[in-house]
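1. got a sequence here, can you build the structure:
(one chain, ligands or ions: 1)
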Amino acid sequence: MKEELILVIDFGGQYNQLVARRVRECNVYCEIYSYKTDIEKIKAMNPKGIILTGGPNSCYEDGAPTYSRELFELGVPVLGLCYGAQLMQHVLGGKVERATVREYGKTEVFVNADTALMAGVGQASSDIPMPEISMEGHKDNKNHTTCWMSHFDYISKLAPGFISVAHTADCPVAAAMNKEENLYGIQFHPEVLHTPEGTKMLFNFVRNICGCAGTWRMDSFVENTVKEIREKVGDGKVLLALSGGVDSSVLAALLAKAIGKQLTCVFVDHGLLRKNEGDEVEAIFGPKGSFDINFIRVNAQERYYAKLAGVEEPERKRKIIGEEFIRVFEEEAKKIGSVDFLAQGTIYPDVVESGLGGESAVIKSHHNVGGLPDFVDFKDIVEPLRNLFKDEVRQAGLELGLPEFLVYRQPFPGPGLGIRIIGEVTGEKVKIVQDADYIYREEVDKALKAYKEEHGVDAPWMPNQYFAALSNMRSVGVMGDERTYDYAVVVRAVRTIDFMTAESAEIPFSVLQTVMSRIINEVRGVNRVFYDLTSKPPGTIEME
Ligand code: XMP
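-> Below you'll find the predicted structure:
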């Protein structure tokens with residue numbers, strides 16, 4: 001079944017993926033394309049609606065990203081956000097100018113809830129004085145709500161046929177529409193959580209104005225994708241390098257459902273996994289698990305430790321771990337012989353960030369898998385998660401019956417504990433960090449659960465990533481009557497949205513104290529525990 005499509009045209013804004021995620025939360029499928037995409041290509045995709053994202057430029061400057069008038073004359077509803085809203089006005093005959101004050105942050109906005117775009121948004125504002133705004137075509141906006149503003153420029157004159165349907169104290173056109181032509185603009189950012197009713201506005205656009213039925217759901221995604229995989233693969237053989245992370249696990253489950261025994265998963269235990277992780281992966285995907293597939297576990301721990309002996313430099317360690325993986329995988333692939341397909345766990349942010357989707361090419365080189373392995377003999381690749389965001393991958397995983405602990409697992413770097421042990425990696429150090437990390441996560445999880453039970457909401461300090469690492473430092477301590485000279489464990493927890501910047505999370509001191517005493521009592525070779533307070537930047541999330 002062909003999904004209804006909304007196109008998100010990217011003008012380089014930092015929230016392009018967030019816009020797309022919010023649209024999908026309205027159960028509508030959307031894809032991100034650069035503003036450089038040809039109009040004929042856009043027409044051929046037959047979208048139900050188009051959203052223009054924000055961007056870092058001023059639309060009236062020479063060379064600023066733009067789009068021809070044709071885009072607004074396709075007869076398809078268009079919604080511009082921030083830069084997109086200004087550009088729409090600029091191209092269609094309105095005026096955009098530099099404002100005297102920059103509007104930034106949470107702002108009270110007055111909306112006209114009688115319009116299709118703002119239907120049901122805000123509360124009656126009789127007790128809040130209406131700001132004095134005089135402008136032609138201005139609507140009587142009686143409801144108010146909060147929005148997130150971030151702009152220097154403002155729309156000082158509306159294009160013919162438009163009326164303003166929202167304003168703030170400083171901004172006469174916080175939102176505008178031309179009902180006749182089905183054109184809409186929102187000057188603020190409905191896609192961010194700081195605009196609490198933003199999703200309602202986007203819902204109004206994609207579901208009511210564009211008329212999308214809302215058929216994008218993960219249960220039907222699984223069903224349709226299983227059919228597509230069967231069609232593509234036929235009776236061919238598929239090989240998958242299973243890491244035990246969210247993406248490759250969901251991929252394995254999806255392929256298992258589609259083609260069962262035609263799938264072979266190779267799981268390399270490099271000895272740098274978290275405590276018990278190898279066995280957990282085996283319990284789910286191995287012969288005793290519930291999937292009828294071929295599962296090969298390679299216990300390469302000693303091989304990795306031998307390669308890493310004496311190596312201290314972080315990038316060198318990363319390189320060795322990566323290269324060794326290729327070697328081990330290659331050996332297994334040779335034993336299996338030629339396969340028809342290689343499965344890859346590429347997901348939509350990888351596609352967008354590698355520059356294939358949108359405009360804002362954020363390339364995190366060290367996180368990418370980096371091309372196709374040329375040592376495996378295969379004809380084609382299968383990438384069934386290619387169009388999914390991470391939260392959708394998780395949802396699909398639950399649909400496929402994977403356990404929650406696996407589906408909601410926090411990010412874990414490919415080189416694993418190898419980059420959480422500063423300096424040389426040894427089996428002994430791995431054991432220390434595994435045990436300390438297990439205790440730390442157990443205590444944090446317990447505290448998070450207790451908070452939620454007591455307050456009914458997640459703790460405000462809930463971290464997005466938290467783990468223990470091993471500093472390469474040893475120091476003097478005392479245990480009983482004995483002098484010790486042992487390692488210092490570092491515990492870290494960060495709150496972040498995109499993992500590009502992060503703040504250290506305020507884990508309650510009592511939790512940290514429990515963690516400290518448990519680690520020192522239960523993990524041999526440790527006599528100090530440090531909490532890492534560093535933000536990113538200047539720190540990184542991992543230690544190396
Ligand atoms: P940093 O340390 O760069 O981490 O602030 C940002 C996010 O990326 C993860 N990370 C990695 N993931 N291979 C990976 O697959 C790596 O080499 C790597 N280094 C960092 C890290 O866990 C965090 O989520």
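
2. give the closest residue to the residue of the stretch 151-300 of the chain found nearest the ligand in space, chain neighbours not counted.
-> Here the stretch 151-300 of the chain gets closest to the ligand at one residue, residue 245, 8.4 Å apart by Cβ to the nearest ligand atom. Placement of C-beta: from N, CA and C, glycine included. Nearest residue to residue 245, sequence neighbours excluded (Cβ to Cβ, 6 or more residues apart in numbering): residue 412, at 6.2 Å.

3. can I get the top strand by length along the chain in PDB? Just the C-alpha atoms.
-> Ranked by number of residues, the top strand in the chain under DSSP state E is strand 95-111. In PDB, the C-alpha atoms belonging to strand 95-111 read as follows (Å, rounded to 0.1, in the frame of the first residue of the first chain):
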ATOM      1  CA  LYS A  95       7.700  41.900   3.000                       C
ATOM      2  CA  VAL A  96      10.300  40.500   5.500                       C
ATOM      3  CA  GLU A  97      12.600  42.900   7.400                       C
ATOM      4  CA  ARG A  98      15.100  42.900  10.200                       C
ATOM      5  CA  ALA A  99      13.200  43.400  13.500                       C
ATOM      6  CA  THR A 100      14.400  46.000  16.000                       C
ATOM      7  CA  VAL A 101      14.300  43.300  18.800                       C
ATOM      8  CA  ARG A 102      15.200  39.700  18.400                       C
ATOM      9  CA  GLU A 103      12.300  37.500  19.600                       C
ATOM     10  CA  TYR A 104      13.800  34.500  21.300                       C
ATOM     11  CA  GLY A 105      12.500  31.900  23.800                       C
ATOM     12  CA  LYS A 106       9.100  31.100  25.200                       C
ATOM     13  CA  THR A 107       6.600  33.800  24.200                       C
ATOM     14  CA  GLU A 108       2.900  34.300  24.700                       C
ATOM     15  CA  VAL A 109       1.100  34.100  21.400                       C
ATOM     16  CA  PHE A 110      -2.500  35.200  20.600                       C
ATOM     17  CA  VAL A 111      -4.100  32.800  18.100                       C
END
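
4. quick one: low-confidence ranges for the stretch 301-450 of the chain?
-> The model of the stretch 301-450 of the chain has pLDDT under 70 over residues 355-375.

5. now do 90
-> Applying pLDDT under 90 to the stretch 301-450 of the chain flags residues 333-334, 337-338, 349-378.

6. residue ranges of the strands in it, please?
-> 341-343, 380-382 (DSSP state E, counting those that start in this stretch).

7. residues near residue 37, how many?
-> Neighbours of residue 37 under the rule other Cβ atoms under 10 Å: 18.

8. can you give me phi and psi for the residue in the chain sticking out farthest from the centre?
-> No residue in the chain has its C-alpha farther from the mean C-alpha position than residue 481, which lies at 50.3 Å (Cα atoms, centre = their mean). Per-residue torsions, residue 481: phi -100, psi 10 (degrees, to the nearest 10).

9. pLDDT value on it, please?
-> According to the prediction, residue 481 has pLDDT 90.

10. which helices and strands does the helix or strand following the longest strand of the chain pack with?
-> Once strand 95-111 ends, the next helix or strand along the chain (criterion: DSSP states H and E) is strand 123-124. Applying 3 or more Cβ pairs under 8 Å, 6 or more residues apart in numbering; DSSP states H and E, one finds that strand 123-124 contacts strand 143-157.

11. quick revisit: hmm, the residue of the stretch 151-300 of the chain closest to the ligand is touching residue 410, no?
-> No. Assessed by Cβ atoms under 8 Å, residue 245 is found out of contact with residue 410, at 10.2 Å.

12. which one's more surrounded, those two?
-> Higher neighbour count among residue 245 and residue 410: residue 245, with 17 against 11, using other Cβ under 10 Å.

13. give the contact list for residue 299.
-> By Cβ atoms under 8 Å, 6 or more residues apart in numbering, the contact set of residue 299 is 269, 278.

14. now residue 173. Nearest residue, chain neighbours left out?
-> Nearest to residue 173 is residue 155, by Cβ to Cβ, 6+ apart, at 4.1 Å.

15. now the one you found: how far from residue 418?
-> 52 Å (Cβ to Cβ, to the nearest Å).

16. and the two? which has more neighbours close in?
-> residue 155 (28 against 22).

17. show me what from this structure comes close to the ligand.
-> For the chain, the contact set with the ligand under Cβ under 6 Å from any ligand atom comprises 318, 366-367, 411, 413-415, 465, 499, 536, 540-542.

18. ok, the single nearest residue of the stretch 201-350 of the chain relative to the ligand to residue 427 distance?
-> Nearest to the ligand in the stretch 201-350 of the chain, going by Cβ to the nearest ligand atom, is residue 318, at a distance of 5.4 Å. Here residue 318 is placed at a distance of 19 Å from residue 427 (Cβ to Cβ).

19. which residues touch the residue lying closest to residue 5 once chain neighbours are set aside?
-> Closest residue to residue 5 in three dimensions, ignoring its sequence neighbours and counting by Cβ to Cβ, 6+ apart: residue 47, at 4.9 Å. Residues near residue 47 by Cβ under 8 Å, 6+ apart: 5, 6, 7, 76.

20. list the contacts for the last one?
-> Read that as residue 76. So, once contact is read as Cβ under 8 Å, 6+ apart, residue 76 ends up touching 47, 48, 49, 50, 182, 210.

21. now the phi/psi pair for it, please.
-> Dihedral angles (degrees, to the nearest 10) for residue 76: phi -100, psi 140.

22. on that earlier part again, mind checking pLDDT for the residue of the stretch 151-300 of the chain closest to the ligand?
-> Predicted confidence (pLDDT) for residue 245: 94.

23. cool, residue 156 as well?
-> 93.

24. isn't it right up against residue 100?
-> No. At 11.1 Å, residue 156 does not count as touching residue 100 under the criterion of Cβ under 8 Å.

25. residue ranges for the helices of the stretch 101-250 of the chain, please.
-> For the stretch 101-250 of the chain, the helices defined by DSSP state H, counting those that start in this stretch occupy 198-203, 218-233, 246-259.

26. how about JSON lines for those, with distance to residue 337 and mean neighbour count added?
-> Shown next, in JSON lines, are the helices of the stretch 101-250 of the chain (distance: least, Cβ to Cβ, whole Å; neighbours: other Cβ atoms under 10 Å):
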{"stretch": "helix 198-203", "distance to residue 337": "50", "mean neighbour count": "22"}
{"stretch": "helix 218-233", "distance to residue 337": "17", "mean neighbour count": "16"}
{"stretch": "helix 246-259", "distance to residue 337": "17", "mean neighbour count": "24"}
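
27. nearest to residue 379, of those?
-> Shortest distance between residue 379 and the helices of the stretch 101-250 of the chain, using Cβ to Cβ, is found for helix 218-233: 10.6 Å.

28. angle of that closest one against helix 246-259?
-> 70 degrees (axes from the mean of the first three to the mean of the last three Cα atoms, to 10 degrees).

29. contacts for helix 218-233 next, please.
-> So helix 218-233 is contacted by 1, 254-255, 257-259, 262, 340-341, 380, 382, 384, 388, 392, 395-396, 398-400 (Cβ under 8 Å, 6+ apart).
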